[in-house]
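**Q** give the three-dimensional model of this entry:
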Amino acid sequence: MRELINLGDGCVWAEDTGGGLPPVVLLHPGVGDSRIWNPVWERLAGQHRLIRYDARGFGRSAPAGRFSRLDDLRRVLDRLGVGPALFVGCSMGGGTALDLALAEPDRVRGMVLACPGISGAPPSHDPDDEPDSADPETFVEQGVARWARAGRDPLVVDLLRSAVRFWLNWGDTFVDDGDAWSRLEDVATPCVLLLGDLERRSFVPSCVEAARRIPGCRLVRIPGADHFVPLRTPDAVVEALRSLPR
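**A** Here you go, the predicted model:
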């Protein structure tokens, strides 16, 4: 099933394979949309009920004023009738999965967090970064330099172009979803944190610290991966997911 889901005050594009298999929810980063999961989706097809969606303003979803990523996730799960599930989140999506695990732990059976962007974490900024450009193509090139150190894959560039629409026009619309950073020790959900060795330098310390502070979290460092972990090393994502308790 592929459809626009009405959330009451906006719509998001979603895909759901349906059926009675164990559900896995895939949450994309702020540097792309749900297409980043294509290689992981192909590897898990037929083994899980797979759900993914484009957050508001990204990909095939329309923008709609200020919104909460956590509330949108809850509403998508409710609309699709998804019970307790495994979650795989990259960057922004990893942060949303972590917020849900703290707010409603019964909904989250386990998490794979790929370079998660954690609510309340210290801001990441490399001192040699240029200011964000207001020109879309320049903004994309800045994104390639910052987040795609493993190479200029055509889909990576297209994902960054998809994200530009949000960040240049609606980047101040996120509602604060909380402060997971101050509550990492309270996470009671089985968790694996993936971190590429080509990750943006300023992003690494918070990921390492999160893996240390989340009880029982396993940190997996991935050679050759940058911020686009699901595209660069989908097998590592699948392996991490399969390592979680069933």
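
**Q** CA atoms for contacts and neighbours, from now on please.
**A** Fine.

**Q** isn't L195 up against S91?
**A** No: between L195 and S91 there is no contact under C-alpha atoms under 8 Å: 10.4 Å.

**Q** tell me, what's touching the two both at once?
**A** A114, C115 (C-alpha atoms under 8 Å, 6 or more residues apart in numbering).

**Q** show me where this structure has its strands.
**A** Secondary structure of the chain (DSSP state E): strands at 2-6, 11-16, 23-27, 49-53, 85-90, 108-114, 191-196, 218-222.

**Q** got these as JSON lines, with mean pLDDT columns?
**A** Below are the strands of the chain laid out as JSON lines (pLDDT from 0 to 100):
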{"stretch": "strand 2-6", "mean pLDDT": "91"}
{"stretch": "strand 11-16", "mean pLDDT": "96"}
{"stretch": "strand 23-27", "mean pLDDT": "98"}
{"stretch": "strand 49-53", "mean pLDDT": "98"}
{"stretch": "strand 85-90", "mean pLDDT": "98"}
{"stretch": "strand 108-114", "mean pLDDT": "98"}
{"stretch": "strand 191-196", "mean pLDDT": "98"}
{"stretch": "strand 218-222", "mean pLDDT": "98"}
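
**Q** got those as CSV, with mean neighbour count and distance to R212 columns?
**A** Listed next are the strands of the chain as CSV, based on neighbours: other C-alpha atoms under 10 Å; distance: least, C-alpha to C-alpha, whole Å:
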stretch, mean neighbour count, distance to R212
strand 2-6, 14, 37
strand 11-16, 20, 33
strand 23-27, 24, 23
strand 49-53, 23, 28
strand 85-90, 26, 18
strand 108-114, 27, 13
strand 191-196, 25, 10
strand 218-222, 16, 8
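
**Q** any chance of those strands in CSV, plus distance to L73?
**A** Converted to CSV, the strands of the chain look like this (distance: least, C-alpha to C-alpha, whole Å):
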stretch, distance to L73
strand 2-6, 11
strand 11-16, 10
strand 23-27, 9
strand 49-53, 9
strand 85-90, 11
strand 108-114, 12
strand 191-196, 19
strand 218-222, 25
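
**Q** quick check: which of those strands is nearest to S206?
**A** Of all these, strand 191-196 sits nearest to S206, with 10.8 Å by C-alpha to C-alpha.

**Q** that closest one pairs with which strands, parallel or anti?
**A** Applying DSSP bridges, strand 191-196 is found paired with strand 108-114 (parallel), strand 218-222 (parallel).

**Q** name the single longest helix found in the protein.
**A** Ranked by residue count under DSSP state H, the longest helix found in the chain is helix 154-169.

**Q** average pLDDT across that one?
**A** Confidence for helix 154-169, expressed as mean pLDDT, is 92.

**Q** ok, residues contacting it?
**A** So helix 154-169 is in contact with 30-33, 35-36, 57-59, 63, 134, 136-137, 139-140, 143-144, 148, 228, going by C-alpha under 8 Å, 6+ apart.
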